[in-house]
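**Q** What would the 3D arrangement of this be:
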Amino acid sequence: MTGGHPRRGGRSAFLVAAGILASRVAGLVRERVFAHYLGNSPAAAAFKAALRIPNALQNLLGEGVLSASFIPVYAGLLGRQARLEADRVASAVFAVLTLAVAVLVALGLLLAPVLVDVVTPGFRGETRVLVIQLVRILFPGTGCLVLSAWCLGVLNSHRRFLLAYVAPVVWNLAIIAALVGWGGRAEPSRLVVQVAYGAVLGSALQCLVQAPVVRALLIEFRPRLTLADRQVRRVFRNLGPVVLGRGVVQVSAYVDLAYASLISERAVAALSYAQALYLLPVSLFGMAVSAAELPELARVGSPEAGGADELRARMRAGLERIAFFVVPSAAALAVLGDVVAGAVLQTGRFTAADTRYVWLLLAGAAVGLAAGTMARLYSSAFYARHDTRTPLWAAAIRVGTGAVLAYGAALWLPPRLGVSRDVGAAGLTLATGLTAWLELVLLRRRLGAAIGPVAVARALLARLWASAAVAAAVGVAVKLVLLRLLGAAAPIAAGAGPALWDQPAWPPILTALVVLVPYGLAFVTTARALGVPLARSLVAGAVRRLGPAAARRR
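**A** So this is what the prediction gives:
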């Protein structure tokens, strides 16, 4: 069976991106409300750390793992019109997954104090006690999110992309409701407990909103604990290396969290805020393209299909889409990260100083944003070929290298440079960015050896970065004009003239609108002038849509 037309991949990526955009916008609203009530307080750090610990369960058995091991097998069966066999595989995977989640949640509740001491060794006293309490509340909710990932696997395989990626909106809304409901009448340590219960409720709702559609798609749904079926065994055989790979990545996240806890509680909270912002383009563009392409790659790129030419074509198209959107995102976070962070987070207890601190972390992350995003699509290509070991090998090298770099940049270097310990948190994101390039090179070379060269043309990348540089210059110029006209709000250097790291004396959201809109227009205009195909098609599409509208107004 041949794969879908690349246009289908573009439409599927659009649907995934639309769903992710809705959930990420809800997530940004959640972060803003959270920052308003809790800022960079110790209670905020406790909640952020507690959320990451049971999140290991979701990372080990959740969306990325099931997408890599379950979707290639399930979508392959659907592609061969073996619907009943596909449904039996889905039912068996659901049963085994439910049992595994129940056992792991019980272990998480029992071992919460040990996990907290290992993952956040810098936390002591009341903060440590609060983290343990929150971890025990959050673990069952994370189990629900794993089952939600199984729903996503079924929906994606049937090309029902939108619902699966919109579903997390209800999780965010539950947390926002808890923050708004208790924020004005509970002290921070009590508030985060209520927010944790809201997160658990949201996790259950996220699973339940997908369940009716999933059930309608399955002709035969009879969960049974069995590994007798060959295809079921194939899913779990593929699962092992993917779980190890995700485990390696999770180790990296925990190393960063442990290092941040040794820096300060402020660093823990700021790292989480920064991740929410720099993972937005990764999710919108990298995850959207990778998730939409995986079922199609599985249909054309599996060893049985042998479609190396079509696999290369789909990969190149996907990589070009990713690069077009992620390159300007990286430049914006590096040069105008305070504008982005201020618009989303600066309210209530989250101050201008907190915004500048998060900008520092965003600048470090921007170094590897393009590499980390494109690496997701390369991993999907390996998963489609039922090769789960190569992404594991590349991730292990990246994580090992990153742990050493992060220690040096975050903990060893700052005191030797005579700078604040808090600056070390930027070393964590910088180390992650640098090692993302290492992983990308390893994956690209391995895939090229298997199916032939697959990469974005250097000339195209050069034009994209040149366009981003022009856009950055425009954005900085607009910001400096605002500073001259309005003055600086809370300038760092009293009596000095306005500087790039100062903020104009009006609401940060207005600054973002006035600065980032010209930034985006400058990027698209320059890219179109330099002959970037996607920029030309975007402008042409906009002209086609605006032309009839203008004619109707006349």
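**Q** I figured residue 45 was touching residue 273, is that so?
**A** No - Residue 45 is not in contact with residue 273 according to CB atoms under 8 Å; the separation is 10.7 Å. Quick note: C-beta positions are derived from backbone N, CA and C, even for glycine.
**Q** Look at the two and report which has more neighbours.
**A** residue 45 (29 against 25; other CB atoms under 10 Å).
**Q** and that one, what does it touch?
**A** Residue 45 makes contacts with 127, 265-266, 268-269, as judged by CB atoms under 8 Å, 6 or more residues apart in numbering.
**Q** can you check residue 96 too?
**A** Applying CB under 8 Å, 6+ apart, we find residue 96 in contact with 225, 227, 236.
**Q** In ChimeraX, select just the buried ones from the residues you listed.
**A** In ChimeraX, a selection of the buried entries from the contacts of residue 96 looks like this (16 or more other CB atoms under 10 Å):
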select :236
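**Q** want to throw the contacts of residue 96 into a markdown table with distance to residue 190 and pLDDT?
**A** Output for the contacts of residue 96, formatted as a markdown table (distance: CB to CB, whole Å; pLDDT from 0 to 100):
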| residue | distance to residue 190 | pLDDT |
| --- | --- | --- |
| 225 | 41 | 78 |
| 227 | 46 | 74 |
| 236 | 43 | 76 |
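**Q** just the contacts of residue 96 now: which is nearest residue 18?
**A** residue 236 (32.3 Å; CB to CB).
**Q** Tell me how far the closest one lies from residue 71.
**A** To residue 71, residue 236 is 14 Å away according to CB to CB, to the nearest Å.
**Q** Quick one: residues contacting the residue lying closest to residue 528 once chain neighbours are set aside.
**A** Closest residue to residue 528 apart from its sequence neighbours, by CB to CB, 6 or more residues apart in numbering: residue 535 at 4.2 Å. Residues near residue 535 by CB under 8 Å, 6+ apart: 324, 467, 524, 527-528.
**Q** Within the helices and strands, which one has residue 535?
**A** Here residue 535 sits within helix 533-553, counting by DSSP states H and E.
**Q** same thing with residue 360?
**A** With DSSP H and E as the criterion, the answer for residue 360 is helix 352-366.
**Q** Show me what that helix is in contact with.
**A** 35, 39-40, 266, 270-271, 273-275, 277-278, 330-331, 333-334, 337-338, 340-342, 345-346, 422-423, 425-433, 489-490, 492, 501, 503, 508.
**Q** what about it, average pLDDT?
**A** Regarding helix 352-366, the rounded mean pLDDT is 94.
**Q** got the angle between the next helix or strand after it and helix 352-366?
**A** Downstream of helix 352-366, the first helix or strand assigned by DSSP H and E is helix 369-384. Interaxial angle, helix 369-384 versus helix 352-366 (axes from the mean of the first three to the mean of the last three CA atoms, to 10 degrees): 50 degrees.
**Q** Please compute how far the helix or strand following helix 369-384 lies from its chain's middle.
**A** Reading on from helix 369-384 to the C-terminus, the next helix or strand found by DSSP H and E is helix 389-407. Here the centre of helix 389-407 is set off from its chain's centre by 18 Å, with CA atoms, centre = their mean, to the nearest Å.
**Q** continuing past helix 389-407, what's the next helix or strand?
**A** helix 413-417.
**Q** Now do the helix or strand that that following helix is followed by against helix 352-366, angle only.
**A** Once helix 413-417 ends, the next helix or strand along the chain (criterion: DSSP H and E) is helix 424-451. Counting by the same axes, to 10 degrees, helix 424-451 lies at 20 degrees to helix 352-366.
**Q** For helix 424-451, enumerate the helices and strands it packs against.
**A** On a contact count with 3 or more CB pairs under 8 Å, 6 or more residues apart in numbering; DSSP states H and E, helix 424-451 meets helix 230-263, helix 265-281, helix 308-345, helix 352-366, helix 369-384, helix 389-407, helix 413-417.
**Q** centre of the chain versus that helix, how much separation?
**A** Counting by CA atoms, centre = their mean, helix 424-451 comes out at 16 Å from the chain centroid.
**Q** now swap in stretch 414-433 and tell me
**A** 23 Å.
**Q** List the contacts of it.
**A** Residues outside stretch 414-433 that contact it (CB under 8 Å, 6+ apart) are 252, 256, 259-260, 263-264, 266-267, 270-271, 274, 278, 357, 360-369, 371-372, 402, 405-406, 408-411, 413.
**Q** Would you mark the buried spots in it?
**A** Those would be 414, 422-433, for stretch 414-433 by 16+ other CB under 10 Å.
**Q** how far does that stretch stretch from start to finish?
**A** 18 Å (CA to CA, to the nearest Å).
**Q** now that stretch: mean pLDDT?
**A** What stretch 414-433 shows for mean pLDDT is 93.
**Q** the helices in the stretch 101-250 of the chain, which residues?
**A** 112-119, 125-157, 161-166, 168-183, 188-217, 230-263 (DSSP state H, counting those that start in this stretch).
**Q** residue ranges with poor pLDDT in this structure?
**A** 1-17, 59-68, 241-249, 287-288, 290-307, 490-498, 545-554 (pLDDT under 70).
**Q** Can you pull the phi and psi angles for residue 111?
**A** phi -100, psi 10 (degrees, to the nearest 10).
**Q** Roughly how far does it sit from residue 22?
**A** The value you get for residue 111 to residue 22, if CB to CB is used, is 35 Å.
**Q** So for those two, which residue has more residues nearby?
**A** Counted by other CB under 10 Å, residue 111 and residue 22 do not tie: residue 22 has more neighbours, with 17 against 13.
**Q** The residue nearest to that one when sequence neighbours are not counted: how many residues sit nearby?
**A** Using CB to CB, 6+ apart and skipping the chain neighbours, the partner closest in space to residue 22 is residue 166 (5.1 Å). Burial measure for residue 166: 20 neighbouring residues, criterion other CB under 10 Å.
**Q** quick revisit: identify the contacts common to residue 45 and residue 273.
**A** Common contacts of residue 45 and residue 273 (CB under 8 Å, 6+ apart): none found.
**Q** Would you map out the domains in the chain?
**A** 40-251, 264-533 (automatic domain parsing).
**Q** closest one to residue 31 among these?
**A** domain 264-533 (5.0 Å).
**Q** residues touching residue 105, list them.
**A** 57, 139-140, 142-143.
**Q** switch the cut-off to 7 Å
**A** 139-140, 143 (CB atoms under 7 Å, 6 or more residues apart in numbering).
**Q** Dump the domains of the chain to a markdown table, plus distance to residue 31.
**A** What follows is those, written out as a markdown table (distance: least, CB to CB, whole Å):
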| stretch | distance to residue 31 |
| --- | --- |
| domain 40-251 | 9 |
| domain 264-533 | 5 |
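**Q** Tell me which of those approaches residue 541 most closely.
**A** domain 264-533 (11.4 Å).
**Q** on that earlier part again, from the contacts of stretch 414-433, keep the buried residues only.
**A** By 16+ other CB under 10 Å, the contacts of stretch 414-433 give 252, 256, 259-260, 263-264, 266-267, 270-271, 274, 278, 357, 360-369, 371-372, 402, 405-406, 409-411 as buried.
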